[in-house]
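**Student:** turn this into a model:
(4 chains)
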Protein chains: 2
Amino acid sequence: MTTDNKGKKNGTGDKKSLTPQRTVARLALYRRMLLHSKEEGKKTIYSHELGEILGINPPQVRRDLMEVGFEGHPRRGYEIDGLLTRLDVYFGMDQGLRMVLVGVGNLGRALLNYFVGKQAHIAIEAAFDKDPAKVGRAIGGCHCYSLEQLPALVASQGIHVGIIAVPAAEAQKAADLLVKAGVRGLVNLAPAWLRVPPSVFVEDIDITLSIEKVGYFAKMFSQPREAK
Amino acid sequence: MTTDNKGKKNGTGDKKSLTPQRTVARLALYRRMLLHSKEEGKKTIYSHELGEILGINPPQVRRDLMEVGFEGHPRRGYEIDGLLTRLDVYFGMDQGLRMVLVGVGNLGRALLNYFVGKQAHIAIEAAFDKDPAKVGRAIGGCHCYSLEQLPALVASQGIHVGIIAVPAAEAQKAADLLVKAGVRGLVNLAPAWLRVPPSVFVEDIDITLSIEKVGYFAKMFSQPREAK
DNA sequence: TGTTAGCTGTGAAATATATCACAACACTAT
DNA sequence: ATAGTGTTGTGATATATTTCACAGCTAACA
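**Tutor:** Residues are numbered from 1 along each chain as shown, chains lettered A, B, ... in the order given. Now for the predicted structure:
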């Protein structure tokens, strides 16, 4: 169907036009669902199919897909293969999403075990820890380096994303190190608010906060859900 | 959200009026910050102090605090002790936030090690796993039971919140079990969309999705940050 | 060749959320 | 006392996000 892609709205439209965070999150959900549908042998999918399992209504889905510039066909839906490759490019996964991890404690190890090997498109290339006992060993299939080696490794490997899994008190130091080394995005698992330059994106995953949130809503009977 | 979410409004105070999710998340942040300030010996705090470290602007902070019905004093700010106890009640922490964990894999163990003992107001009372090798042992200071024992234990202990840390394929089964046992809130760490009755609140923590999101924004230079 | 049904793309409306602006007030200094 | 300063509480406003509603396209079928 013909749609002119020009005139990307998004707020102030300075620099590059960025997709809103919510939309990006939903797009990642769609991608997962598409992979699943593809495995089942489906070739095309409708916006309402994509939406109903994820609790998102169809016009929302269509708007989101418009955002990545992918068009469907009336009465036929969206072609799965094409949409998937488009999304892979969109998320920068066409060459694989390569990251480093700082902090090899319990949580860091859990992440290594989860991602190394299992998730094809996501790779943790190296881990770093300040504990000399861990440095030099391979943990969960990933080599552990000292923090001093971080800048050179991140730069030479062209890594753009860092995961912070250190105690809160050391999170800022880790962030500074990663940012200085050239990372453009951070996944912060420490319960701390990081100060970074505006050119670096931070996604906070704060399990304690999430639990407290659930504590409130569990107390208050019910609550309509929302896809995040 | 399985079928319908129509008609559910939040505006007018029928029954209990629920706070928006975003507000609740910020309130949890304030609480952490207040604890920190209290440790430093502060007695009162201003909305702009609370806001600046968290990247939230002062009127927003004041509105949020209005939500819990706590009033400050012009020129003196908010009394820290009073606000903290108010928030504790608000989050249902006055008697402690007690939970159970389903799934004692890498991630489950990481959570146990993190929460058992360390976080005073949050307690994981019991862990459950289907692996007979784990059942009966104490892992990370928490006893591991078989899944069959879950309903009785949750009911008798009056647990309201469950944490799901099983593989995606088993997440729905775990959720069903917990809901049937009477849980009102779930923290879901599995990459799966859970179907639960509308009386149960689900908070999804999906690390893969978060990483993919960062992948996008890291590719696109910068992005203004937002407190979540 | 109609003709019908069903899906997409999108302007417009509705809703949710955040920010601004300022009156009212409380403390301090004089 | 009184003036001056700085902070709260909140109506009004602005922005962001979602949903609605429907025109227009496409396939299937008579």
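**Student:** surely residue A:50 and residue A:31 touch.
**Tutor:** No: taking contacts as CB atoms under 8 Å, residue A:50 lies outside contact range of residue A:31: 10.4 Å. In this view, the C-beta of every residue, glycine as well, is placed from N, C-alpha and C.
**Student:** look at the two and report which has more neighbours.
**Tutor:** residue A:50 (25 against 21; other CB atoms under 10 Å in any protein chain shown).
**Student:** what helix or strand does the more buried one sit in?
**Tutor:** helix A:47-54 (DSSP states H and E).
**Student:** now whichever helix or strand comes after that helix: mean pLDDT?
**Tutor:** Where DSSP H and E defines the elements, the next helix or strand beyond helix A:47-54 is helix A:58-67. Computed over helix A:58-67, the mean pLDDT rounds to 98.
**Student:** please name the residues that touch the nearest residue to residue A:86 once chain neighbours are set aside.
**Tutor:** Leaving aside its chain neighbours, residue A:86 sits nearest to residue A:70 (4.9 Å; criterion: CB to CB, 6 or more residues apart in numbering or on different chains). Contact analysis of residue A:70 by CB atoms under 8 Å, 6 or more residues apart in numbering or on different chains lists A:78, A:82, A:83, A:86.
**Student:** change it to 7 Å
**Tutor:** Counting by CB atoms under 7 Å, 6 or more residues apart in numbering or on different chains, residue A:70 touches A:78, A:83, A:86.
**Student:** returning to that earlier point: output the contacting helices and strands for the helix holding residue A:50.
**Tutor:** helix A:21-39, helix A:58-67 (3 or more CB pairs under 7 Å, 6 or more residues apart in numbering or on different chains; DSSP states H and E).
**Student:** is the shortest one up against DNA strand C anywhere?
**Tutor:** Yes: applying CB under 7 Å from any atom of the strand, one finds that helix A:58-67 is in contact with DNA strand C at A:58, A:59, A:62, A:63, A:65, A:66.
**Student:** isn't the third one right next to residue A:45, touching?
**Tutor:** No: contact status for residue A:62 versus residue A:45: not in contact, 12.0 Å apart, counting by CB atoms under 7 Å.
**Student:** those two: who's more crowded?
**Tutor:** Using other CB under 10 Å, the more surrounded residue of residue A:62 and residue A:45 is residue A:45, with 21 against 18.
**Student:** tell me how far the more buried one lies from residue A:79.
**Tutor:** 9 Å (CB to CB, to the nearest Å).
**Student:** now swap in residue A:35 and tell me
**Tutor:** 14 Å.
**Student:** compare the two (neighbour count), which wins?
**Tutor:** Taking neighbours as other CB under 10 Å, residue A:35 and residue A:79 compare with residue A:79 leading, 16 against 13.
**Student:** specify the beta-bridge partners of the more buried one.
**Tutor:** residue A:44 (DSSP bridges).
**Student:** residue A:217 against residue B:201, yeah?
**Tutor:** Yes: in this structure, residue A:217 is within contact of residue B:201 by CB under 7 Å, at 3.7 Å.
**Student:** could you pull out the helices for chain A?
**Tutor:** A:21-39, A:47-54, A:58-67, A:80-90, A:106-115, A:150-157, A:168-181, A:207-219 (DSSP state H).
**Student:** tabulate those (CSV), appending distance to DNA strand D.
**Tutor:** Converted to CSV, those look like this (distance: least, CB to the nearest atom of the strand, whole Å):
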stretch, distance to DNA strand D
helix A:21-39, 4
helix A:47-54, 9
helix A:58-67, 4
helix A:80-90, 14
helix A:106-115, 28
helix A:150-157, 30
helix A:168-181, 24
helix A:207-219, 18
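**Student:** who wins for proximity to chain B among the helices and strands packed on helix A:47-54?
**Tutor:** Taking CB to the nearest CB, helix A:21-39 is the member of these nearest to chain B, at 4.3 Å.
**Student:** may I see the buried residues of the closest one?
**Tutor:** Residues A:21, A:23-34, A:37 are the ones in helix A:21-39 that count as buried (16 or more other CB atoms under 10 Å in any protein chain shown).
**Student:** what do you get for stretch A:133-149?
**Tutor:** A:134, A:135, A:139, A:140, A:142, A:144, A:145, A:147.
**Student:** mind listing what the spatially closest residue to residue A:27 that is not a sequence neighbour touches?
**Tutor:** In space, residue A:27 comes closest to residue A:64 once its chain neighbours are excluded; the distance is 5.8 Å by CB to CB, 6+ apart. Listed by CB under 7 Å, 6+ apart, the contact set of residue A:64 reads A:23, A:26, A:27.
**Student:** show me what contacts the residue lying closest to residue A:138 once chain neighbours are set aside?
**Tutor:** Excluding the flanking residues, the one nearest residue A:138 by CB to CB, 6+ apart is residue A:144, at 7.0 Å. The contact partners of residue A:144, taken as CB under 7 Å, 6+ apart, are A:104, A:127, A:128, A:129, A:134, A:135, A:136, A:137.
**Student:** next one: residue A:101
**Tutor:** With CB under 7 Å, 6+ apart, residue A:101 has these contacts: A:108, A:111, A:112, A:124, A:127, A:163, A:165.
**Student:** which strand residues bridge it?
**Tutor:** residue A:127, residue A:163.
**Student:** from residue B:204, how far out is it?
**Tutor:** 22 Å.
**Student:** as a quick check, tell me the outermost residue of chain A.
**Tutor:** residue A:75 (32.1 Å; CA atoms, centre = their mean).
**Student:** how far away is that residue from DNA strand D?
**Tutor:** 4 Å (CB to the nearest atom of the strand, to the nearest Å).
**Student:** nearest to residue B:185 among the buried residues of stretch A:133-149?
**Tutor:** Closest to residue B:185 out of these is residue A:140 (31.0 Å), distances taken as CB to CB.
**Student:** okay but that closest one is in contact with residue A:113, surely?
**Tutor:** Yes: using CB under 7 Å, residue A:140 makes contact with residue A:113 at a distance of 4.6 Å.
**Student:** picking that back up, of the contacts of residue A:101 - the most surrounded one?
**Tutor:** residue A:163 (30 neighbours).
**Student:** show me the contacts for that residue.
**Tutor:** Residue A:163 sits in contact with A:99, A:101, A:102, A:111, A:187, A:189, where contact means CB under 7 Å, 6+ apart.
**Student:** 10 Å - rerun?
**Tutor:** A:99-103, A:107-108, A:111-112, A:115, A:124, A:127, A:174, A:178, A:183, A:185-189, A:203, A:205, B:207, B:210-211, B:214 (CB atoms under 10 Å, 6 or more residues apart in numbering or on different chains).
**Student:** ok, residue A:179 next?
**Tutor:** A:162, A:186, A:194, A:195, A:196, A:197, A:199, A:200, A:202.
**Student:** give me the buried entries from the residues you listed.
**Tutor:** A:162, A:186, A:194, A:196, A:200, A:202.
**Student:** which of those residues are close to chain B?
**Tutor:** A:162, A:186, A:194, A:196, A:200, A:202 (CB under 10 Å from any CB of the partner chain).
**Student:** reformat the residues you listed as JSON lines; add pLDDT and distance to residue A:155.
**Tutor:** Below are these laid out as JSON lines (pLDDT from 0 to 100; distance: CB to CB, whole Å):
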{"residue": "A:162", "pLDDT": "98", "distance to residue A:155": "12"}
{"residue": "A:186", "pLDDT": "98", "distance to residue A:155": "16"}
{"residue": "A:194", "pLDDT": "95", "distance to residue A:155": "21"}
{"residue": "A:196", "pLDDT": "94", "distance to residue A:155": "18"}
{"residue": "A:200", "pLDDT": "94", "distance to residue A:155": "15"}
{"residue": "A:202", "pLDDT": "96", "distance to residue A:155": "20"}
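**Student:** that'll do, ta.
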